[in-house]
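Novice: Let me see the structure of the following:
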Amino acid sequence: MEVALDKVTMDQVPNEVHQVVAPPYKSSLQKFITKVKETFFPDDPLRQFKGQPLKRKLILGAQYVFPVLQWAPSYSFKLFKSDLISGLTIASLAIPQGISYANLANLPAILGLYSSFVPPLVYVVLGSSMDLAVGPVSIASLVLGSMLTEEVSPSEQPDLFLQLALTSTFFAGIFQAALGILRLGFIIDFLSKAILIGFMAGSAVIVALQQLKGLLGIKHFTKKMALVPVLSSVFQNKHEWSWQTILMGVCFLVFLLVARHISIRKPKLFWVSAGAPLVSVIISTVLSSVIKAQLHGISVIGKLPQGVNPPSVDKLLFQGSHLGLAIKTGLVTGLLSLTEGIAVARTFASIRNYKVDGNKEMMAIGFMNVVGSTTSCYVTTGSFSRSAINHNAGAKTAMSNLVMSVTVLVTLLFLMPLFQYTPNVILGTIIITAVIGLIDLPSAYLIWKLDKFDFVVMLTAFFGVIFISVQLGLAIAVGLSVFRILLQVTRPKTVMLGNIPATTIYRNIHHYNEATRVPGFLILSIEAPINFANITYLNERILRWVDEEEATINDNLCLQFVILEMSAVSAIDTSGVSLFKDLKTTLTMKGVQLVLVNPLADVIEKLQKADEVDDFVREDYLFMTVGEAVTSLSSLMKGQSPTMEEEEAQKIVTEY
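Specialist: A predicted model of the protein is given here:
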């Protein structure tokens, strides 16, 4: 007898049927608090304060608000040496990039340096990333310039354009900080990886094409950002092309690309690409001064003002006909810069195995831009190129941003006259070299392999940006992604389950070839929450399963039970409850019983409250597993031969 039992696995023995019960009682207020906590505080930031004395709570609170207090007390000279080297390295890149990106945003070049001085000081105090290097970035500069240029000309109304740029920066900061304070960071998750890859690649193409104005020496150029107008403007103004400018631009572009290639092939030589832009600026400035570049048709930056950032509170516009434009531009640039900054911070945090608090980063970047808008800075965030160099240079803390800021301060105070003869074409080559890194072909290929719909979304963002406009291309791609989410909500997946032989495991019969149907049972799995948006579809789809099942069985068998496996149904609304009422009524007319398996807490609670007379949620038709349901209900089958499980179980009992 013991031998017979040993030959049979425990899974084959009919288990005790476990009762499905409702969750412990919670008031509506308790449920609401739990829901809010899980939605807005998934990381439970207050857990570190539990059980701590008051003094320790005050210290932890100060460290939470000002992350600098976490690493500053243990800061050492050894760490400073690493931060000093990395700070000087990123400053060598930040100075020429700052001037270049300001031109990209159609703003005075000096604002690029202003934006590399004040914002890093704010981030050192509030930022939680050890690697992020902040300052102007190409995407935000492009979007800011293109959106404002649609209504205001930077050449004809420079003062108004500057005021709108600063006001947009203020609203961008308010929006970013609000997301962090209210813990609404999930909003930026609507910009999926596929959207960002396509958007950045498209923006890189547009940014690079915009630099043809400087590379070719064209004076009259289109203000539009789409591909067709830009190329049309290039060839319509061929008479303005300057071979001297082209020669200088091509030479330095090749130099920068070679330097970038060297650093990519040999990461230890990161300083080659980091220093190449500054070297290009120095050499081209000296050369331009020696050969009197302006006499040869090569335009230069011109005289830049010396001194630190002047206050700009009086330049912020909170009324007038252009206020809506400033708010809209601030929201779009704020969202994009926030997404880029957090993505960069998380990337390097994962490499160094430390955590970056997304909400702290939102607040840090937000306050950085609010303060920046009052000190003649435009939208700033974490730069991928500078952060990569900061990381490779060995930065240990955010102190590297302070070193960079001090270096920029020295430049603003003493070195500004040296940039007077810097050719504009050099700024264009620096931008082109920087944005090339935004085109991520390996990631695009991976998306193609993994998800074709995501690939379509990526292409939509890419072509929308280069053929329509930056903001509309992004909006269309986001809309397409949201449409996909709506499809997933309104058309949830349902699959038929079958039994894996010699087990009580049930799996999708279209996935596992060995899974077999159980006679008399239709076992379905619903893999999504049930709500008003999908109850009609689910009702029709389940009844279609029933009709198809009845059409395939012979006269000796009949469908007697429809089992709904509900482990993946995480929530249900009041409309969803009606689905089970309707199914129960329809199936009863067909002589079929509705069985529910493993309804989760929220689901079973609402179903039982709605079914006070045990009409469609009968206790004897509720089970914790499909195996228990089939084993228990098989004995109730009418006019049908026993299942394999029943035969094996009966054999064991008889032998025993």
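Novice: and the nearest residue to residue 491 once chain neighbours are set aside, what does it touch?
Specialist: What sits nearest to residue 491 in space, not counting adjacent residues and going by C-beta to C-beta, 6 or more residues apart in numbering, is residue 537, at 5.7 Å. In this view, the C-beta of every residue, glycine as well, is placed from N, C-alpha and C. Residue 537 sits next to 490, 491, 492 when contact means C-beta atoms under 8 Å, 6 or more residues apart in numbering.
Novice: can you rerun that using 10 Å?
Specialist: Shown in contact with residue 537 (C-beta atoms under 10 Å, 6 or more residues apart in numbering): 490, 491, 492, 494.
Novice: Could you list which of these belong to helices?
Specialist: residue 490 (DSSP state H).
Novice: Considering the contacts of residue 537, which possesses the most neighbours?
Specialist: residue 492 (20 neighbours; other C-beta atoms under 10 Å).
Novice: I'd assumed residue 569 was in contact with it.
Specialist: Yes - when contacts are counted by C-beta atoms under 10 Å, residue 492 is listed as touching residue 569 (8.9 Å).
Novice: Overlap of the contact sets of these two?
Specialist: Shared contacts of residue 492 and residue 569, counting by C-beta under 10 Å, 6+ apart, come down to 526, 527, 528, 529, 530.
Novice: Would you mind checking these for buried ones?
Specialist: For the shared contacts of residue 492 and residue 569, a burial check counting by 16 or more other C-beta atoms under 10 Å picks out 526, 528, 529, 530.
Novice: if I pick the third one, what's in contact with it?
Specialist: In other words, residue 529. Listed by C-beta under 10 Å, 6+ apart, the contact set of residue 529 reads 489, 492, 568, 569, 570, 571, 572, 573, 576, 600, 602, 603.
Novice: Tell me how many other residues crowd the last one.
Specialist: What it means is residue 603. The number of residues packed near residue 603 is 21, by other C-beta under 10 Å.
Novice: any idea how far it lies from residue 526?
Specialist: Noted for residue 603: a distance of 10 Å to residue 526, by C-beta to C-beta, to the nearest Å.
Novice: Now do the shared contacts for the two.
Specialist: Common neighbours of residue 603 and residue 526 (C-beta under 10 Å, 6+ apart) are 566, 569.
Novice: The residue nearest to residue 222 when sequence neighbours are not counted: what's it in contact with?
Specialist: Spatial nearest neighbour of residue 222, chain neighbours left out: residue 233 (3.9 Å); criterion: C-beta to C-beta, 6+ apart. Going by C-beta under 10 Å, 6+ apart, residue 233 touches 209, 210, 212, 213, 218, 220, 221, 222, 223, 224.
Novice: for the chain, what are the low-confidence residue spans?
Specialist: Filtered on pLDDT under 70, the chain yields the residue ranges 1-16, 21-22, 39-44, 553-557, 612-616, 638-656.
Novice: so the most centrally placed residue in it, which of the three states?
Specialist: By C-alpha atoms, centre = their mean, the chain has its centre lying nearest to residue 189, at 4.3 Å. With DSSP: H, G, I helix; E, B strand; the rest coil as the basis, residue 189 sits in helix.
Novice: if I look at it, how far off is residue 343?
Specialist: For residue 189, the distance to residue 343 (C-beta to C-beta) stands at 11 Å.
Novice: one step back: show me which of the contacts of residue 529 is closest to residue 24.
Specialist: The nearest member of these to residue 24, counting by C-beta to C-beta, is residue 602 at 12.7 Å.
Novice: which residues of the stretch 1-150 of the chain fall in helices?
Specialist: Residue ranges of the helices in the stretch 1-150 of the chain, as given by DSSP state H, counting those that start in this stretch, are 2-6, 28-40, 54-65, 68-71, 77-104, 110-114, 118-126, 138-149.
Novice: possible to save those as CSV with mean neighbour count and distance to residue 440?
Specialist: Converted to CSV, those look like this (neighbours: other C-beta atoms under 10 Å; distance: least, C-beta to C-beta, whole Å):
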stretch, mean neighbour count, distance to residue 440
helix 2-6, 9, 58
helix 28-40, 11, 32
helix 54-65, 13, 34
helix 68-71, 16, 32
helix 77-104, 23, 20
helix 110-114, 26, 25
helix 118-126, 24, 26
helix 138-149, 26, 13
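Novice: Work out the gap between the helix or strand containing the residue nearest to residue 222 and the centre of the chain.
Specialist: Here residue 233 sits within helix 227-236, counting by DSSP states H and E. Offset of helix 227-236 from its chain centre (C-alpha atoms, centre = their mean, to the nearest Å): 33 Å.
Novice: Okay, buried residues for the following helix or strand past it please.
Specialist: Once the chain leaves helix 227-236, the next helix or strand it forms, by DSSP H and E, is helix 243-265. The neighbour-count check on helix 243-265 (16+ other C-beta under 10 Å) flags 244, 245, 248, 249, 252, 253, 255, 256, 257, 259, 260, 263 as buried.
Novice: residues contacting the second one?
Specialist: This points to residue 245. Contacts of residue 245 (C-beta under 10 Å, 6+ apart): 214-218, 293, 296-299, 423-425, 428.
Novice: first vs last residue of stretch 175-193, how far apart are they?
Specialist: One end of stretch 175-193 sits 22 Å from the other (C-alpha to C-alpha, to the nearest Å).
Novice: quick revisit: can you tell me which of the buried residues of helix 243-265 is nearest residue 452?
Specialist: Ranked by distance to residue 452 (C-beta to C-beta), the buried residues of helix 243-265 are led by residue 260 at 32.1 Å.
Novice: Can you verify my assumption that that closest one contacts residue 436?
Specialist: Yes - using C-beta under 10 Å, residue 260 is in contact with residue 436, at 7.4 Å.
Novice: Can you tell me which of the contacts of residue 233 end up in helices?
Specialist: Counting by DSSP H, the part of the contacts of residue 233 found in helices is 209, 210, 212, 213.
Novice: who wins for neighbours among the residues you listed?
Specialist: Busiest of these [other C-beta under 10 Å] is residue 210, holding 24 neighbours.
Novice: Return the distance of it relative to residue 435.
Specialist: 10 Å.
Novice: for residue 570, what are its contacts?
Specialist: 528, 529, 530, 600, 601, 602, 603.
Novice: Just flag the most distant two among the residues you listed.
Specialist: In these, two members sit farther apart than any others by C-beta to C-beta. They are 528 and 601, at 17.1 Å.
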